[in-house]
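J.: Need coordinates for the below:
(4 chains)
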Number of protein chains: 4
Amino acid sequence: MSDKKELGTLRQSLPSWVEASIPCSVNGKVASYIPELSKAPHDALGITILAPDGESVSAGDCSQVFTMQSISKVFTLILALMDNGEDEVFKRVGMEPTGDNFNSMLKLELVRPGIPFNPFINAGAITVTSLIHGRNMEEKSQRILNLFHSLTGKDELAYDIDVFNSELESGDLNRSIAYFLKGNQVLIGDVDEVLDIYFRHCSILVQCADLARMGLILAFDGMDPLTGNRLLPKRYVQIAKTFMTTCGMYNASGEFAIDVGLPAKSGVSGGILSLVPGRYGIGVIGPSLNDKGNSQAGVHLLEIVSKQMNWSMF
Amino acid sequence: MSDKKELGTLRQSLPSWVEASIPCSVNGKVASYIPELSKAPHDALGITILAPDGESVSAGDCSQVFTMQSISKVFTLILALMDNGEDEVFKRVGMEPTGDNFNSMLKLELVRPGIPFNPFINAGAITVTSLIHGRNMEEKSQRILNLFHSLTGKDELAYDIDVFNSELESGDLNRSIAYFLKGNQVLIGDVDEVLDIYFRHCSILVQCADLARMGLILAFDGMDPLTGNRLLPKRYVQIAKTFMTTCGMYNASGEFAIDVGLPAKSGVSGGILSLVPGRYGIGVIGPSLNDKGNSQAGVHLLEIVSKQMNWSMF
Amino acid sequence: MSDKKELGTLRQSLPSWVEASIPCSVNGKVASYIPELSKAPHDALGITILAPDGESVSAGDCSQVFTMQSISKVFTLILALMDNGEDEVFKRVGMEPTGDNFNSMLKLELVRPGIPFNPFINAGAITVTSLIHGRNMEEKSQRILNLFHSLTGKDELAYDIDVFNSELESGDLNRSIAYFLKGNQVLIGDVDEVLDIYFRHCSILVQCADLARMGLILAFDGMDPLTGNRLLPKRYVQIAKTFMTTCGMYNASGEFAIDVGLPAKSGVSGGILSLVPGRYGIGVIGPSLNDKGNSQAGVHLLEIVSKQMNWSMF
Amino acid sequence: MSDKKELGTLRQSLPSWVEASIPCSVNGKVASYIPELSKAPHDALGITILAPDGESVSAGDCSQVFTMQSISKVFTLILALMDNGEDEVFKRVGMEPTGDNFNSMLKLELVRPGIPFNPFINAGAITVTSLIHGRNMEEKSQRILNLFHSLTGKDELAYDIDVFNSELESGDLNRSIAYFLKGNQVLIGDVDEVLDIYFRHCSILVQCADLARMGLILAFDGMDPLTGNRLLPKRYVQIAKTFMTTCGMYNASGEFAIDVGLPAKSGVSGGILSLVPGRYGIGVIGPSLNDKGNSQAGVHLLEIVSKQMNWSMF
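T.: Presented below is the predicted three-dimensional model:
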């Protein structure tokens, strides 16, 4: 089907698919482990699908502004790869899905040599964050923010300072992970500094349209189809999309691959960044989470869309 | 690139890529836990790539006859899905990669409700085997064999009786897994019977060309492009290919997805079945295994081929 | 306090302590994983304390006949030590408490070299059973039974055939453990045979008075104070009493040591064999179990008795 | 045997038993995870046994001054019990041996409700330390130090500041544990402060004679037989001695109970505090450690002494 025709179908059907997915939210819960997140509207759901010619289709409530949370891990991984190369990064973080919770420390203790299994669990993402270059904490955070500026095409992106502070205050389990990694010589550098950078990029505020735009750039292997500019190296985008497929949806990634079949990364704010390779970028927000930490209604919606449009990669 | 042109490139380059991969075998070991398998030639390596028009390119030693081992799990899963439907099967086996060894029982004990994490680890494949329909053990094994007849286009496929007996005799860890599953009401039926069927389909003898043909049928969503016959339901092939991508190469599946980026399933005999969606089926044999249980030289060869031909799905 | 005086105190107080303990049963559950066991009376409680001169004090319902279950592990350990010596036995089973459930397989998989942590968890007791000498299964079971004849001073002890059959039928988790041990060359011999012997000695029927008599012999280092005959070697009794102290009450052994402070071994039938070193043997029965698998009322009663009589070893 | 006669035997035999144990040191290693500890003499071994009348027997090199390390956990437990009572303490720390390494975090993650299994593993000892009363960090440390003053009968005990600093610098795994406990609401208070107090009491300098004196007070249930003063409440000493028996020698506690049969607590400096209930206090130092973290030669020596003198409690 041509993009034009598909967009027509989407424009027509997306609102009803959103309607059909909203009731799922009832079974989920808005994240509360970061107290600040618990204030999000429980049953909101929005989606934006962006085509390479700049045309987009949205449905539901896309005005929501939310923090990226784990979605940012996709791009800090790419930046760490750009700064250090594949060899250096994969000395310190593995490539395997774990089947464990995102903040589990089991495999760090049980499986030699104790490096995080992949860059999307917390242990891995904290390690990846520690590899971002910069003369100091501020410069490292600024370089990450600059990357998001270029990807979203926005001059300014705000941090949600309340969420950031909330994470800093309630981040003892991440602190535990970081010290474990440091004690095992996996994480180099100052734990407080690394966590400051880590919590900071998790608290960058975006909207569905921003996720869709970033997804579109991934869908086109790092080239921005709207401008023709290459923003990210193809190989690193490929690596990121592979991880999104095998580990992007926490320990429901396998199920998501079966049911939806698209690269995606979710965050506990309820956001999901997804994409159709070579075609579309997708941004979703639905704050009510299922027990694996993914947007309950958002996953349901993506399953409908992917099945109806026949978008699975598999 | 057109298939024609690609096949030309492959015909020219494949022999040298095989040559470049053979030395890897030195770092691996032929499987010995099934004593009979340890007799395979250590540094043999062969590959066959089959196009939808029936043309194929082979290189290395493709005359080797070997047992399918875990590769058969792809097709017993599809048969179980055909016999029971998705809902029934996924009540008893999950969809997630585990990061654990293929014969690990950790998650069975640690993660409620104690069903195997996916159909490709031993616990999952044994459970799947128990779901194959048939009035008795013989009929169930025959139905599995018949499926392989239709997929390979061969009237006869032999079991390697020595390997089968060797597995029966040395299969105490699989027996342990099966009784654990039975004790937790996941596996229904007689353990000895289920394991007989399980070990039997693992010991079906094939060659690279057979794997390539089966891979081709998966690449075309269950339709045999050589005959135009639909042999497998599209949805179940899609499910199988997704598992091949997330869990097909034991706990090196994530790394294989990054390095090769194709659906694949390996066996401890050193065989690998892979495919390029919509284009080719691939069969590889290289008995020397790396520490994750995959063909050392075979994985290396597939990485060269995929990168040179730009075949990664991601 | 002299034994005479103590027995006087016990005679006076024991009935009220039993009364005070019976209500605890409400919070527990009669074991149901062996269906046959679930028929036991929920709130029954009985205790017998036996002095070296043969005088005894009983309270509550001591007429109950029940299967020994795990209590038999104390004596199969001693018999295996008599048959094989310390070195041979402790090559195959360790000496450490585990903190895991009695039927857990975690440490078998996680901790090299994969031998059971101690002889009182199921994996360890099955291994110990496999070390009992005898020309065949019948002789091995008979030798175990003979040991209990000599220890109880009874010519005849019956098996509860219904419980035995119930365990055989529902024993898949133990079968899983046994095959795991066999697959790792820890258990030598035929799994079905070893489990037959194992389930058989678990189903020997006893009463409180029998446990008290066996406890008395342990209290006197293997010598029967009633006859002056040495029945068990002192060193092996010492080993058994040490395990009773560190691992005798499943993964509530540490708490029992703090609260009661006496060597003891419990079974899922609700029986507890305990002893005061150099002084008394104790038998308790109370079928309602707490969540660790020990008699809810029985543990409560022993805590009262030990604290009131100041019997803790520590 | 009377104490007098025993002391005579000890005076005669102890030097040769020390000689016989020294060669064991070859198989061990001086602790190096705290860099400062690695400077201790590899094959030194000393022992002091102290009788209630003040007479003592020593052998080997008892002039060594060493840090208490984990031995201090016995007494911070007692102090925390004195400050908070049993109920408060055992709400936050369990009573069970674990079978895991002293710095393992597995059970914290795997077993609900996530409190440390016992007060002698690091997680438990850090939690216990957080329960010591005091208006501030300095007062808490001073109260601990005062307790050791009263137990050793010394006005002054020094901290090894180099070891303390070394632990502070290399204590990332303990920091990881502490933040995990804090993140799970087990540890209340400031992590840095708690760890300062914890590392500080681990670095108090003692000699064999000091350990023997502290052991003697435990052997007499908290009463100092040399002065007749009660220094510690009987019930809390009983609890401490029970833990020493079930968990005092890391995850070789079960083996130590079988081979030696006395309450004991070891530290990674190579010290061991032990006792014969109602009779003697024992202090041992031998810096070369076995793979479980206990003094290689020290354990060997205690086994000879206990077996020759027939001192096992069991």
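J.: pretty sure residue A:80 contacts residue A:125?
T.: No. Using Cβ atoms under 8 Å, residue A:80 is not in contact with residue A:125; the gap is 9.8 Å. (Glycine included, C-beta is placed from N, CA and C.)
J.: residue nearest the centroid of chain A?
T.: residue A:71 (1.7 Å; Cα atoms, centre = their mean).
J.: pLDDT score for residue A:301?
T.: pLDDT for residue A:301: 98.
J.: Which residues are in contact with the nearest residue to it once chain neighbours are set aside?
T.: Closest residue in space to residue A:301, ignoring its immediate chain neighbours: residue A:21 at 4.1 Å, by Cβ to Cβ, 6 or more residues apart in numbering or on different chains. Contact partners of residue A:21, counting by Cβ atoms under 8 Å, 6 or more residues apart in numbering or on different chains, are A:45, A:286, A:297-298, A:300-301, A:304.
J.: most surrounded residue in the residues you listed?
T.: residue A:286 (38 neighbours; other Cβ atoms under 10 Å in any protein chain shown).
J.: what sits against it?
T.: A:21, A:25, A:44-46, A:270, A:272, A:295-298, A:301.
J.: quick one: what helix or strand has residue A:5 in it?
T.: helix A:3-21 (DSSP states H and E).
J.: Sheet partners, orientation included, of the following helix or strand past that helix?
T.: Using DSSP H and E, the helix or strand that follows helix A:3-21 in sequence is strand A:29-30. Strand pairing for strand A:29-30, using DSSP bridges, gives strand A:288-289 (antiparallel).
J.: Quick one: mean pLDDT for the strand it pairs with?
T.: The average of the pLDDT scores along strand A:288-289 is 96.
J.: Tell me the gap between it and the middle of its chain.
T.: Put simply, strand A:288-289 sits 15 Å off its chain's centre (Cα atoms, centre = their mean, to the nearest Å).
J.: now do stretch A:86-99
T.: The answer for stretch A:86-99 is 17 Å, by Cα atoms, centre = their mean.
J.: Is it positioned near chain B?
T.: Yes. Judged by Cβ under 8 Å from any Cβ of the partner chain, stretch A:86-99 comes into contact with chain B through A:94-99.
J.: Around residue A:35, count how many other residues there are.
T.: Count around residue A:35 with other Cβ under 10 Å applied: 15.
J.: Next up, the contacts around the closest residue in space to it that isn't next to it in sequence.
T.: What sits nearest to residue A:35 in space, not counting adjacent residues and going by Cβ to Cβ, 6+ apart, is residue A:166, at 5.2 Å. The contact partners of residue A:166, by Cβ under 8 Å, 6+ apart, come to A:34-37.
J.: Can you add secondary structure and give the residues you listed back as JSON lines?
T.: Output for the contacts of residue A:166, formatted as JSON lines (DSSP: H, G, I helix; E, B strand; the rest coil):
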{"residue": "A:34", "secondary structure": "coil"}
{"residue": "A:35", "secondary structure": "helix"}
{"residue": "A:36", "secondary structure": "helix"}
{"residue": "A:37", "secondary structure": "helix"}
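J.: what's residue A:177 in contact with, if anything?
T.: Contacts of residue A:177 by Cβ under 8 Å, 6+ apart are A:103, A:105, A:108, A:122-123, A:126, D:176.
J.: hang on, isn't residue A:270 packed against residue A:67?
T.: No. Residue A:270 is not in contact with residue A:67 according to Cβ under 8 Å; the separation is 9.8 Å.
J.: which of these two has more neighbours?
T.: Each of residue A:270 and residue A:67 has its neighbours counted (other Cβ under 10 Å); residue A:270 has more, 33 against 28.
J.: From chain D, how far off is the more buried one?
T.: 23 Å (Cβ to the nearest Cβ, to the nearest Å).
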